[in-house]
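Trainee: From the sequence below, what's the structure:
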Amino acid sequence: MKKIIPALTVAFASASVLAACGSNTDSSTSENKQTEVYASTFATAAIAREIGGDQVNVKMIVPPGADPHSYEPTSKQLTEIAKGDLFLLTGTTLEPYSKKIQESLKGTDVRFIETSKDVNLLESDATLHAHEEEGHDDHATDEHAHEEEGHDHGKYDPHVWLDPVNAKAMARSITTALSKEVPKDKATFEKNLKAFDQQADELDEQFKQAVADGSKKELLVTHAAYGYLAERYGFTQLPIAGISPSDEPSQKQLAALVKEARMHDLKYVAFEETVSPKVARVIQKEIGAESVTIHNLESVTKAQQNSSYFKLMEENVQTLKQALQ
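Mentor: Numbers count the residues shown, from 1 in each chain. Below is the predicted model of the structure:
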């Protein structure tokens, strides 16, 4: 971030000038101005669009196909964010850069919103290759409530939105933030939240049915993004890579994973469009499995940028139906 700080000085100066100019702006113009919202993941951005509607302009800072786990915002982005209204974070280990950004943007009017603050987080270690440990063959993850105010950002699985119940909690946090930012549109945001909750409840039922109808309870995935989904609906994720797609397994871990996949007679490997590690293809070939597509909603392809949260999650329902059959 050292190279970014000088650019931020310019950003802050620009933001100050804009703020000064804004005080003289015609009130009718400011009333019609969209609220500028920045988000760290596709899922957070997509949920914010559902709640904000036409009243907000939501931008995801991570480019299509990039890995949010390792992404660093550019100087240009930080300059733009400094002029914005809200920055939506999951509030977990997914945004290692977030504290630096918040410190760098002190003095601006940007409010940082931790959208997972009302979510019970899963410890990340519980989702990682439990099958590799000697004497253990259990991938089940344990749900841990917050034991203290705030989150321990180094301990938890960040992929909270893949559980529709968690997505509802994130939507409530976003609704509260937008209502505080634009009080005149509070009723609209709350109406949109009600519609979101209804769709999330329907999605919840679809996932329950997909897992209940399956003959298998294990899902072989490219990386450990699906702990919340597995915990909610009662199946086990067998991840090839860790919480971050760059965390690749050792030869010993690979051998254990292949053994477990064969033991459960798994016929599919769930690949993500933005994450396709070579080692996953090796395992697919080794066990003679077919590939299916699953969305982690951290980041998306360029073609999916305008997709909705529910569209991609409903496609995940269909993937589970196929992979667990």
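Trainee: Where does pLDDT dip in the stretch 51-200 of the chain?
Mentor: 92-94, 125-154 (pLDDT under 70).
Trainee: can you give me the strands in it?
Mentor: Per DSSP state E, counting those that start in this stretch, the stretch 51-200 of the chain carries strands over the ranges 56-60, 86-89, 111-114.
Trainee: Nearest to residue 287 among these would be which one?
Mentor: strand 56-60 (35.1 Å; Cβ to Cβ). Where you see a C-beta, it was placed from the backbone N, CA and C, and this is true even at glycine.
Trainee: Alpha carbons only: can I get that closest one in CSV?
Mentor: C-alpha atoms of strand 56-60 as CSV (Å, rounded to 0.1, in the frame of the first residue of the first chain):
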residue,chain,number,x,y,z
VAL,A,56,-28.2,3.7,-5.5
ASN,A,57,-25.3,3.3,-7.8
VAL,A,58,-23.4,0.2,-6.7
LYS,A,59,-19.9,-0.6,-7.9
MET,A,60,-17.8,-3.7,-7.1
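Trainee: what comes up buried for that strand?
Mentor: Buried residues in strand 56-60, counted by 16 or more other Cβ atoms under 10 Å: 56, 58, 60.
Trainee: Touching, the last one and residue 39? I think so.
Mentor: Meaning residue 60. Yes: at 5.1 Å, residue 60 counts as touching residue 39 under the criterion of Cβ atoms under 8 Å.
Trainee: can you list residues touching both of the two?
Mentor: Shared contacts of residue 60 and residue 39, defined by Cβ atoms under 8 Å, 6 or more residues apart in numbering, are found at residue 45.
Trainee: ok, for residue 57, nearest residue in space, not its chain neighbours?
Mentor: Using Cβ to Cβ, 6 or more residues apart in numbering and skipping residues adjacent in sequence, the residue nearest residue 57 is residue 34, 4.3 Å away.
Trainee: and the end-to-end length of stretch 109-119?
Mentor: 26 Å (Cα to Cα, to the nearest Å).
Trainee: Sorry, wrong one. I was asking about stretch 157-172.
Mentor: 20 Å.
Trainee: Quick check: buried residues in that stretch?
Mentor: Applying 16+ other Cβ under 10 Å to stretch 157-172 flags 157-164, 166-172 as buried.
Trainee: Out of those, the closest to residue 218 would be?
Mentor: Nearest to residue 218 among the buried residues of stretch 157-172: residue 162, at 16.9 Å, using Cβ to Cβ.
Trainee: Tell me how many other residues crowd residue 116.
Mentor: 22 (other Cβ atoms under 10 Å).
Trainee: dump the residue contacts of residue 85.
Mentor: 35-37, 109-111, 181.
Trainee: Let's verify residue 237: helix, strand, or coil?
Mentor: For residue 237, the assignment made with DSSP: H, G, I helix; E, B strand; the rest coil gives strand.
Trainee: ok, back up a step: among the contacts of residue 85, which one has the most neighbours?
Mentor: Busiest of the contacts of residue 85 [other Cβ under 10 Å] is residue 37, holding 27 neighbours.
Trainee: sorry, back to before: turn the buried residues of strand 56-60 into TSV, including distance to residue 43.
Mentor: TSV is the format used below for the buried residues of strand 56-60 (distance: Cβ to Cβ, whole Å):
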residue	distance to residue 43
56	16
58	12
60	9
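Trainee: Skip the chain neighbours and tell me the closest residue to residue 171.
Mentor: residue 196 (4.9 Å).
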